[in-house]
Structures are given as C-alpha cells and as structure tokens.
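1. Here is a sequence with its predicted model. Questions after.
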Amino acid sequence: MPKGLFISLEGGEGAGKSTLARALQTALIAHGRDVVLTREPGGTPGAEQIRDLLVKGDTERWSAMTEALLFYAARVDHVEKVIQPAIGRGAIVISDRFADSTMAYQGAAGGIELARLKALHRLALGDFQPALTLLIDIPPETGLARTRDRLGLEVRFESKALAFHERLRNCFRQLAADEPDRFVTLKGEDDADKVAARALSAVMDRLNDE
Ligand code: T5A
C-alpha cells in the first residue's frame, strides 16, 4: 500500500489555491493515487456548519480569538474524521488552507501573538502538521483583482484593506522561511499550468522522499 501524504495549500485571497487543488488532484489520480480534496474551514458536516458561523454575518461578529477557537474546533473534527483516516489508508490529502491560515489571518492580521496560536495548535492537535505546504505567493493587488473580477465587481482598494493583505502575505512568507523543509513557495503570478507543474514536481519529490 502506498504511504499517505497530507498536503496543504496556503496563500492570500485569489492566489489560486482552489484552481491548483483541482489540477493537482487530476494529475495525482492520473499517477494512480487515491486523492482526497478537502478545504478549511470545512471538510466535514460539522466543520461546514462552523464554516457558516465564520464566513457569514457581520464582519465584526467575532473577536480574532473567538475566530481562532472556532477554526480549531472545525479543524479538529476535520483532522479526526477525514484527514487522518485518509492518510491511514494511503491516500494523498490536499487541503485548501489549514493551520497556517490561522497564523496569518487571526495572528499576523488579527493581532493574536503567534506563540499563543501555536500553543492552541499543540493543545488541539499536538505536533500534527502537513508533510508539505505549498504556499502560493502573490501580490495582494493581483489576488484581490482576480476575486473581484470573478464576482464582477469594480477593482478599488482601500489602503487599510491592502495593509491587512500585506500583513497576511508577510506572515505566510515568514512561516515558509521558518520551516523550509515543510514549505515550497510557488509564484502565483505565473500562469495556472506553470504553477500546477511546479507544484506537482514538489509533490513527486516529497513522495519519493517519504
Ligand atoms: N480563514 C481560513 C481564516 O481567517 N483562518 C483560517 O484558519 C482559515 C482556514 C476562507 C476564508 O477564511 C479565512 C481565509 C478566507 O478569507 P474561502 O472562500 O475558502 O474563504 O476563500 P479563499 O481560500 O481565499 O479562496 P479564494 O477563492 O478567494 O481564492 P483561491 O482559492 O486562492 O483562488 P481560486 O483558485 O479560486 O482563483 C481565483 C480566480 O483566479 C483565477 C481563477 O480562475 C479564479 O477566477 N486564477 C488564475 N488566474 C490567472 N493565473 C493563475 N495562475 C490563476 N489561478 C487562479
């Protein structure tokens, strides 16, 4: 039986994570692998219910710490019910976002010290982490323009919004620099096929190492 592998995809809004997740799934299935494509927040019925609490309603509904606790409640359910069983049966799990998003959004952008979030991670999941994290790094202006184009909205940025997205980007880059063995950084401005080819090569390298 092949060994399971847990891969997370990270990056700012509109970086191309969902596009890459689908492309990787197709390529890895063509290599004969069992692939589970999942996402956070979400991935189980309970975690999808928590997702609704997080992504709907007033933007000021929750403090950053309440959000972090809700993300971790959803994450534990996701890890216990989907990710670990799939790895156990030899599948490759691709999660569109995982714990690094909490570090960036609730930590660097939301103002919670990363040490407190890392303590929360240890409490909830011990040392469980993806074997490989693909960070799609993209200037926030480019990523936001893509999502607004998709929604058909006019592209217009406020400096506060951009500063928030710059903090996210810097945090993701710092996390990647801190854990060079886990992270591979991809250039999000490249066309989608090129991003997918680089990502597949990183995954194949990791599979060969495992
Ligand atoms: N969150 C999440 C937290 O605050 N804390 C946490 O712990 C977690 C897990 C999730 C929100 O929750 C936050 C982060 C988010 O704000 P979501 O709906 O899952 O919300 O939002 P995102 O993950 O940001 O998803 P997006 O859809 O905005 O971005 P993607 O998935 O990165 O982008 P994608 O693939 O949908 O592509 C966007 C557009 O760009 C095109 C695509 O065709 C699409 O139109 N595109 C490209 N165009 C040109 N070149 C490329 N290389 C392209 N790749 C994609």
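-> In hand now; what should we look at?
2. what's the neighbour count on Thr147?
-> 14 (other C-beta atoms under 10 Å). Backbone N, C-alpha and C define where each C-beta goes, glycine included.
3. wait, what's in contact with it?
-> Thr147 makes contact with Glu13, Gly14 under the criterion C-beta atoms under 8 Å, 6 or more residues apart in numbering.
4. Same question for Ala202.
-> Leu132, Leu134, Val184, Leu186.
5. Touching, the first one and Leu200? I think so.
-> Just to be clear, that refers to Leu132. No. Counting by C-beta atoms under 8 Å, Leu132 does not reach Leu200; the two are 11.7 Å apart.
6. what about those two, which has more around it?
-> Between Leu132 and Leu200, Leu132 has the larger neighbour count (other C-beta under 10 Å), namely 24 against 18.
7. got the contacts of Ala202 as a markdown table, with pLDDT and distance to the ligand columns?
-> Output for these, formatted as a markdown table (pLDDT from 0 to 100; distance: C-beta to the nearest ligand atom, whole Å):
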| residue | pLDDT | distance to the ligand |
| --- | --- | --- |
| Leu132 | 98 | 17 |
| Leu134 | 98 | 11 |
| Val184 | 98 | 16 |
| Leu186 | 98 | 9 |
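8. if we take those, which one ends up nearest to Asp178?
-> Checking these against Asp178 with C-beta to C-beta, the nearest one is Val184 at 14.0 Å.
9. element containing the closest one?
-> Val184 belongs to strand 183-187 when assigned by DSSP states H and E.
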